[in-house]
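Engineer: Fold the following and give me the result.
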Amino acid sequence: MAHYFALTIPFGVKKLWDEWNIRGAILFSLWLQIVLIFAAPIRKSARRKRVIRLIWYAYLLADATANFTLGLICNSQRNQFSNPESESKQRSDLLAFWAPFLLLHLGGPDTITAYSLEDNQLWRRHLLGLVYQVTVVVYVFLQSFPNGNLWIPTSLMFIAGTIRYVERTLALYFASLDKFRDSILKPPDAGADYSQLMDVYASRREARIPTQINITLAEEEEEVNGFDAKEGDLKHLEVVNYAYKYFQLFKGLVVDLIFESRELNESRDFFNKRTAEDALRIIEIELNLIYDAFYTKVEVVHWVVGYVLRFIAFGSVLATLGLFYFQAKDDKFHAVDIRITYTLLLGAVALDVIAFLMLIFSDRTFGPIKDPDYPCLLAPAVALFTCFLALNKPWWYRGKCSQKPDVLAAPSQKPDVLATPSQKHSPCQKHHVLATPSAFLRRWSGSISTYNLIRYSLKSSATPTHEFPSLRKVIMFSLTKKCKSFKIIDLLGCTIRKATSFIQSIEEHVSKIFSPVFRIIRSKASKIFSPVFRIIRSKASKIFRIKIIKDLLDEIRYVSHEPFTKELCEFIFKEVKIKSEFANTVEIAQRISSARGDWVLTGRWNLLKYVSDVPYDESLLLWHIATDLCYHTDTDRDINNSHRECSKILSDYMLYLLIFQPTMMSAVAGIGQIRFRDTGAEAKKFFERRRLGPNHDQRACEQILSVNTDVEPVTVKGNKSKSVLFEASMLAQELTKVGEEKWKLLCRVWVELVSYAACRCSPSALAQQVSKGGELINFVWLLTAQFGLGAQFQISEGYSRASCSGKVDVQQNIVQTSMK
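Structural biologist: Just a heads-up that it's a prediction; the model follows:
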């Protein structure tokens with residue numbers, strides 16, 4: 001006989017739920033709003049995906065919690081009318097007062113309205129949600145209206161909540177790609193009245209009046225918004241001004257709009273006068289402005305109607321707080337409910353104040369300010385904002401280019417005397433890595449994700465070339481540099497260096513003492529737990545074969561994150577700048593933008609076939625493997641040559657984009673995934689046959705180069721396999737013949753490959769990446785566009801307004817640049 005167990009919820013649990021379900025849910029909703037207003041801006045500078053994922057969870061939970069709580073309030077009032085003794089009248093009135101707070105929460109903070117671009121496209125769904133939730137709140141309010149002791153504060157909060165929800169819906173509407181494109185379009189221009197002009201021309205010819213059509217260049221009817229380009233370094237606020245100006249000019253890149261040649265020429269002239277660091281700072285702010293336009297309420301709030309709505313909403317919240325303060329004394333509400341209500345009111349006021357401060361000290365607020373002589377009222381705000389911009393400026397830390405921890409030292413400091421012999425004698429160049437410490441100060445992640453085919457085939461864990469320095473190292477390094485500039489406190493700088501060196505020596509001695517102990521413990525534990533791990537591994541291997549899980553695990557294990565280096569920034573800027581000087585005509589500009597190595601390799605016929613005769617994805621894999629082969633087998637490792645490390649970073653970065661960002665690279669990826677898998681399979685088979693294991697990178701590269709390649713691999717293997725392993729070996733052997741210029745040539749080829757991909761990636765995919773920490777390809781995309789090298793530009797000529805007075809004059813219109 002079957003036995004059934006009664007699953008009943010204990011009475012105490014039921015009572016606790018009935019008393020605290022609404023209270024707990026609405027407090028949790030407020031807590032999520034606080035989390036989002038502070039955490040949401042971090043995602044544009046986050047280096048780890050788990051941080052972005054946590055923000056995504058909070059974003060989804062915020063709406064779900066508010067909707068759930070509103071349903072609980074509605075259900076609670078229904079129960080009261082079916083059973084009047086279940087709750088007091090004051091309790092029902094207070095619940096109706098709480099309902100508009102949920103509209104406020106559904107409106108969300110200013111720092112996040114959409115998690116992805118697709119959310120903006122669903123603005124109609126949010127509009128329907130607005131109508132539905134407002135209707136529910138009105139229903140709750142009307143249910144309690146006969147007992148309406150708080151009907152005035154409730155009405156005020158209803159106004160504030162509705163305004164915030166409307167703001168969010170408008171932000172989504174304005175950020176939808178169609179509306180964003182429409183907002184940028186200029187008024188229609190029909191041009192000259194051709195029919196009228198030709199009628200006048202024909203009548204004059206019939207009357208045998210001498211008539212001539214003169215075509216002259218038209219003067220520009222309006223100046224480009226902004227001001228003249230400044231020579232030399234830019235001040236902090238000037239960087240924001242110029243960034244805002246060029247954002248307004250080039251934001252149409254995201255939605256494939258047209259530009260005028262005078263704007264492109266002005267942009268090119270401006271960036272030709274800039275340093276690489278100033279260009280980096282300007283593009284950082286431009287990307288931040290793109291993020292604000294698509295993922296926040298900035299465009300709605302910076303609007304005349306937006307200012308009015310925000311003033312009304314904040315005034316309503318303050319008035320509600322004052323009215324409830326006096327109302328709570330007269331009515332007999334529960335003490336806990338009063339505390340919760342004050343928490344909600346003070347939380348709403350605090351969120352509005354924080355949003356107001358973020359609004360004032362934002363790039364969007366100070367971007368349009370062009371006059372250097374600020375009014376007295378703005379001077380304090382400008383001074384504070386300038387101080388904040390000084391902290392936002394890229395922090396460069398001088399660290400060693402090795403797979404060992406960086407050494408904190410001033411530029412003139414001698415090598416560490418406590419370094420091991422292998423460290424002392426290994427070639428290790430010092431690079432300036434981007435090390436802005438806090439996510440609240442960074443404008444982007446400052447991180448470059450890298451992925452390596454040979455290390456993946458050897459099953460070697462990801463090992464970055466540079467390490468992100470800790471906050472302690474960055475601060476100490478900055479203090480050391482500052483102290484060196486003052487002779488009076490030079491002793492303090494020396495003391496800091498000695499203290500840091502002492503701390504590092506202690507760390508090394510401790511690691512030397514305890515490493516044998518840890519080694520013994522590890523060996524004993526491996527003997528004990530290895531059978532268990534073997535069983536778990538065999539059972540889990542079936543699960544890990546699932547592609548989604550396998551890709552996720554591969555990304556965790558084999559993808560490393562490199563800090564962006566100043567040397568790489570300067571080299572990319574220099575290459576793009578040099579190419580822009582050759583782009584005097586449309587044909588040359590299009591040829592440069594469509595180059596993927598062939599511009600650099602002009603005249604080198606033995607290397608040119610590896611870019612011009614193969615598809616882009618195959619070319620990328622060929623040069624990636626060849627770069628790795630040269631990197632690990634190069635005997636002449638010049639410490640003063642930064643091109644070697646830059647080539648390695650760009651090579652691994654482009655492979656990461658090809659494999660782990662297929663949506664972004666869809667326009668150029670081709671069958672890159674298939675080629676990668678086939679090449680990886682051949683490499684694994686080759687390494688297994690030669691018994692090469694993890695971290696045997698150098699031996700693996702030497703073994704690949706030792707294979708005889710007198711006969712083309714495709715002749716032996718056929719075309720079924722898309723592997724390019726030994727074709728890359730042939731390319732590496734050709735590169736070794738170049739000599740001393742090998743690494744500079746490789747670095748220039750990789751810059752062209754990155755630029756080619758940046759010009760052809762989907763603009764919406766690039767805009768999407770801005771909300772995930774940003775990528776190096778985002779910077780290359782804007783940099784090439786502002787130098788006029790984008791492949792999407794096309795020059796066409798037309799005519800402007802025509803006039804007829806005695807003779808017909810037709811003015812030639814300015815050259816227009818449009819996207820394909």
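Engineer: Would you confirm that Leu776 contacts Asp652?
Structural biologist: No: proximity of Leu776 to Asp652 does not meet the contact threshold set by Cβ atoms under 8 Å, at 11.6 Å. Placement of C-beta: from N, CA and C, glycine included.
Engineer: Now stretch 390-407: average pLDDT?
Structural biologist: Confidence over stretch 390-407, taken as the mean pLDDT, stands at 66.
Engineer: Please tell me the pLDDT value assigned to Val517.
Structural biologist: Note on Val517: pLDDT of 66.
Engineer: nope, Leu357 is what I was after
Structural biologist: Note on Leu357: pLDDT of 91.
Engineer: which SSE is it in?
Structural biologist: If you go by DSSP states H and E, Leu357 is part of helix 335-360.
Engineer: At which residues are the strands of the protein located?
Structural biologist: In order along the chain, the chain carries the following strands (DSSP state E): 213-217, 259-260, 396-400, 430-434, 447-450, 560-563, 793-796, 799-805, 807-812, 816-819.
Engineer: tally of neighbours for Ile556?
Structural biologist: Here the count is done by other Cβ atoms under 10 Å, and Ile556 has 10 residues near it.
Engineer: Oops, could you answer that again for Phe356 instead?
Structural biologist: Other residues near Phe356 number 14, with proximity taken as other Cβ under 10 Å.
Engineer: Please apply the same query to the one 5 residues further on.
Structural biologist: A total of 14 residues lie near Phe361 under the criterion other Cβ under 10 Å.
Engineer: still on that earlier bit, lowest average pLDDT across the strands of the chain?
Structural biologist: Summarising mean pLDDT across the strands of the chain, the least confident stretch is strand 816-819, with a mean of 36.
Engineer: So, low pLDDT: which residues of the stretch 701-820 of the chain?
Structural biologist: Counting by pLDDT under 70, the low-confidence segments of the stretch 701-820 of the chain come to 791-820.
Engineer: Just the helices from it, written as ranges.
Structural biologist: Remark: helices of the stretch 701-820 of the chain, listed N- to C-terminal, are 713-717, 725-736, 742-760, 763-770, 776-786; assignment by DSSP state H, counting those that start in this stretch.
Engineer: what number of residues lie near Glu570?
Structural biologist: Taking other Cβ under 10 Å as the neighbour definition, Glu570 ends up with a count of 18.
Engineer: who touches it in this structure?
Structural biologist: Contact partners of Glu570, counting by Cβ atoms under 8 Å, 6 or more residues apart in numbering, are Ala276.
Engineer: ok so, going back, now render the helices of the stretch 701-820 of the chain as CSV, adding distance to Ile521 and mean neighbour count.
Structural biologist: Formatted as CSV, the entries for the helices of the stretch 701-820 of the chain read as follows, by distance: least, Cβ to Cβ, whole Å; neighbours: other Cβ atoms under 10 Å:
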stretch, distance to Ile521, mean neighbour count
helix 713-717, 48, 12
helix 725-736, 40, 20
helix 742-760, 43, 23
helix 763-770, 43, 20
helix 776-786, 41, 24
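Engineer: Which of those sits closest to Ser706?
Structural biologist: Using Cβ to Cβ as the measure, helix 725-736 is the one of the helices of the stretch 701-820 of the chain that comes nearest Ser706, at 9.1 Å.
Engineer: who does the closest one touch, helix- and strand-wise?
Structural biologist: When contacts are defined as 3 or more Cβ pairs under 8 Å, 6 or more residues apart in numbering; DSSP states H and E, helix 725-736 packs onto helix 605-612, helix 616-633, helix 672-689, helix 697-705, helix 713-717, helix 742-760.
Engineer: Redo the helices of the stretch 701-820 of the chain as TSV? Include distance to Pro153.
Structural biologist: Supplementary listing: those in TSV, determined by distance: least, Cβ to Cβ, whole Å:
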stretch	distance to Pro153
helix 713-717	79
helix 725-736	72
helix 742-760	54
helix 763-770	41
helix 776-786	47
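Engineer: so which of the ones you listed gets nearest Arg596?
Structural biologist: helix 742-760 (4.1 Å).
Engineer: Determine how far that closest one lies from the middle of the whole chain.
Structural biologist: 21 Å (Cα atoms, centre = their mean, to the nearest Å).
Engineer: Run through the stretch 501-650 of the chain and note the low-pLDDT ranges.
Structural biologist: For the stretch 501-650 of the chain, counting by pLDDT under 70, the residues that fall below are 501-515, 517-519, 522-548, 586, 636-640.
Engineer: Where does the prediction get shaky in the stretch 101-250 of the chain?
Structural biologist: 146-148, 191, 212-229.
Engineer: Show the residue spans covered by the helices in it.
Structural biologist: Ranges of helices in the stretch 101-250 of the chain, per DSSP H, counting those that start in this stretch, are 117-121, 123-144, 151-175, 177-184, 194-206, 236-250.
Engineer: Likewise for the stretch 301-450 of the chain?
Structural biologist: In the stretch 301-450 of the chain, helices defined by DSSP H, counting those that start in this stretch lie at 304-330, 335-360, 363-366, 379-392, 421-425, listed in chain order.
Engineer: Dump the ones you listed to CSV, plus distance to Asn241.
Structural biologist: What follows is the helices of the stretch 301-450 of the chain, written out as CSV (distance: least, Cβ to Cβ, whole Å):
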stretch, distance to Asn241
helix 304-330, 22
helix 335-360, 17
helix 363-366, 8
helix 379-392, 11
helix 421-425, 46
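Engineer: Tell me which of the ones you listed sits nearest to Asn708.
Structural biologist: Using Cβ to Cβ as the criterion, the shortest distance between Asn708 and those is 33.7 Å, found for helix 421-425.
Engineer: So for the closest one, mean pLDDT?
Structural biologist: Helix 421-425 shows an average pLDDT of 37 in the prediction.
Engineer: Report the separation between Tyr451 and Leu601.
Structural biologist: Relative to Leu601, Tyr451 is positioned 25 Å away (criterion: Cβ to Cβ, to the nearest Å).
Engineer: now Asp189
Structural biologist: In this structure, Asp189 and Leu601 are separated by 43 Å, where distance is defined by Cβ to Cβ.
Engineer: The two: which is more packed in?
Structural biologist: Counted by other Cβ under 10 Å, Asp189 and Leu601 do not tie: Leu601 has more neighbours, with 20 against 9.
Engineer: Just want to check the distance between that one and Ala767.
Structural biologist: 32 Å.
Engineer: related to what we said a few turns ago, check the helices of the stretch 301-450 of the chain for me and report the most buried one.
Structural biologist: When the helices of the stretch 301-450 of the chain are scored by mean count of other Cβ atoms under 10 Å, the highest mean neighbour count falls to helix 363-366 (a mean of 20).
Engineer: For that one, which helices and strands make contact with it?
Structural biologist: The helices and strands touching helix 363-366, judged by 3+ Cβ pairs under 8 Å, 6+ apart, are helix 236-250, helix 276-295.
Engineer: got the contact list for the residue nearest to Arg181 when sequence neighbours are not counted?
Structural biologist: Sequence neighbours aside, Val255 is the residue nearest to Arg181 in space, at 4.1 Å (criterion: Cβ to Cβ, 6 or more residues apart in numbering). Under the criterion of Cβ under 8 Å, 6+ apart, the contact partners of Val255 comprise Leu177, Phe180, Arg181, Ile184, Pro763.
Engineer: Among those residues, which pair sits farthest apart?
Structural biologist: Set against one another by Cβ to Cβ, the contacts of Val255 have their most distant pair in Ile184 and Pro763, with a gap of 12.9 Å.
Engineer: Low-confidence stretches in the stretch 301-450 of the chain?
Structural biologist: Scanning the stretch 301-450 of the chain for pLDDT under 70 picks out 329-332, 371-378, 400-429.
Engineer: hmm, 90 instead?
Structural biologist: Low-confidence segments of the stretch 301-450 of the chain, defined by pLDDT under 90, are located at 303-304, 324-338, 359-446.
Engineer: what about the helices of the stretch 701-820 of the chain, which gets the closest to Gly693?
Structural biologist: Comparing the helices of the stretch 701-820 of the chain by Cβ to Cβ, helix 725-736 comes nearest, at 18.3 Å.
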